[in-house]
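Q: The following comprises the amino acid sequence and a computationally predicted model.
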Amino acid sequence: MELKNLIAEGDGVEVYEYEGKAVKVFNDPSLKEKCLYEALTQARVETTLVNSWLKMPSVNEVSVLSDGRWAITMDLIKGKTMHDLIEEDPSKTDLYLDKMVDVQMELHAQYMPLLSKLKDKMSRQIKSLGVIDEIKKYELLTRLDSMPKHIKLCHGNLTPRNIIINEEGTYVLDWVAARQGNASADVARTYLLLCLEYPALADKYMDKFCLASGTSKRYVQAWLPIVAAAQLIKNKPEERELLMKWIDVVDYD
Ligand SMILES: Nc1ncnc2c1ncn2[C@@H]1O[C@H](COP(=O)(O)OP(=O)(O)OP(=O)(O)O)[C@@H](O)[C@H]1O
Ligand SMILES: [Mg+2]
């Protein structure tokens with residue numbers, strides 16, 4: 001497979017157009033497990049979303065390139081990401097945020113007992129952190145353990161960059177972080193990602209989501225120290241101050 005037409009670069013991946021398909025190449029051969037996890041998760045979600053208005057690229061093939069890198073070949077989704085659309089016409093930001101709320105609520109309407117559990121992932125991430133002390137870890141793990149156990153489809157990375165809108169509909173991409181879990185945890189994760197990349201939109205999104213879904217903001221806020229701690233695992237210096245601040249807040253007003 002000779003990949004020439006790079007269409008996007010992500011965090012540790014390159015996405016190429018090849019023979020009418022999208023090929024997501026993981027940057028290092030050691031990312032085999034991540035690639036296989038993403039492909040299996042994507043395939044499982046595909047089966048679940050067949051009856052939904054929400055669309056996603058279907059997985060066609062998993063392969064190893066001649067240089068040892070792993071790759072997923074999937075449907076190529078034409079059109080722009082919601083991120084590009086907001087940048088192009090900021091006056092439509094509210095409409096796009098409403099759309100993203102609809103997308104996230106539709107995801108949470110799906111039950112996914114076959115995916116691994118979001119709580120297990122977060123617990124593993126928190127346990128492995130070196131930058132917070134054992135007492136804080138214990139507090140966070142106790143909080144996590146007390147949270148309601150749900151089996152809803154949580155995308156785990158729902159942001160405007162992972163949604164493409166075209167004439168055929170609304171597509172959700174990037175399934176590597178999807179798990180079964182609690183909807184409020186998934187919204188808290190989206191809120192965190194928005195605070196990091198689109199600070200002016202985060203509170204608006206949270207308000208819109210809570211209003212549309214009838215969720216009390218307190219349920220989402222209770223997850224914020226947990227999602228902040230889990231994100232510390234990425235070890236990005238520019239995120240550290242905000243994450244440490246969130247970890248220390250016990251109750252939000
Ligand atoms: N099937 C596809 N069709 C069209 N464009 C795609 C497709 N898959 C990915 N892209 C483009 O490539 C970008 C990066 O892909 P993706 O979001 O899957 O990787 P990422 O954000 O680096 O994720 P991660 O490293 O978390 O798996 C997307 O934002 C989108 O612009
Ligand atoms: Mg992405």
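A: Cool, got the structure. Ligands and ions are numbered 1, 2, ... in the order given.

Q: drop to CA atoms for contacts and neighbour counts, all remaining ones
A: OK.

Q: Residue numbers of the stretch 151-253 of the chain in contact with ligand 1?
A: The interface of the stretch 151-253 of the chain toward ligand 1, taken as Cα under 6 Å from any ligand atom, is made up of Arg161, Asn162, Leu173, Asp174, Val176.

Q: Out of the residues you listed, flag the one nearest to ligand 1.
A: Lowest distance from ligand 1 to those (Cα to the nearest ligand atom) belongs to Asp174, with 3.7 Å.

Q: What distance do you get for the residue of the chain found nearest ligand 1 to Lys4?
A: Distances between the chain and ligand 1 by Cα to the nearest ligand atom are smallest at Gly10, namely 3.0 Å. For Gly10, the distance to Lys4 under the criterion Cα to Cα, to the nearest Å works out to 16 Å.

Q: would you say Ser63 is within a helix?
A: No: going by DSSP: H, G, I helix; E, B strand; the rest coil, the assignment for Ser63 is strand, not a helix.

Q: so what's it up against?
A: Contact analysis of Ser63 by Cα atoms under 8 Å, 6 or more residues apart in numbering lists Trp70, Ala71, Ile72, Thr73.

Q: how close does the spatially closest residue to the second one that is not a sequence neighbour sit to Glu61?
A: So the one you mean is Ala71. Computed as Cα to Cα, 6 or more residues apart in numbering, the closest residue to Ala71 that is not its neighbour in sequence is Val25, at 4.3 Å. When distances are taken as Cα to Cα, Val25 and Glu61 turn out to be 12 Å apart.

Q: Which one's more surrounded, those two?
A: Under the neighbour definition other Cα atoms under 10 Å, Val25 and Glu61 were set side by side, and Val25 has more, 26 against 11.

Q: Now the element after the one helix or strand that one maps to, going C-ward?
A: With elements delineated by DSSP states H and E, Val25 resides in strand 21-26, which encompasses its position. Counting by DSSP H and E, the next helix or strand C-terminal to strand 21-26 is helix 32-49.

Q: Quick check, central residue of the chain?
A: By Cα atoms, centre = their mean, the mean C-alpha position of the chain lies nearest to Asn157, the distance being 1.1 Å.

Q: burial measure for Asp89, as a count.
A: Asp89 has 9 nearby residues by other Cα under 10 Å.

Q: For it, give me phi and psi.
A: For Asp89, the backbone dihedrals (degrees, to the nearest 10) come out as phi -140, psi 80.

Q: so where is the protein shaky, pLDDT-wise?
A: Across the chain, the ranges flagged by pLDDT under 70 are 250-253.
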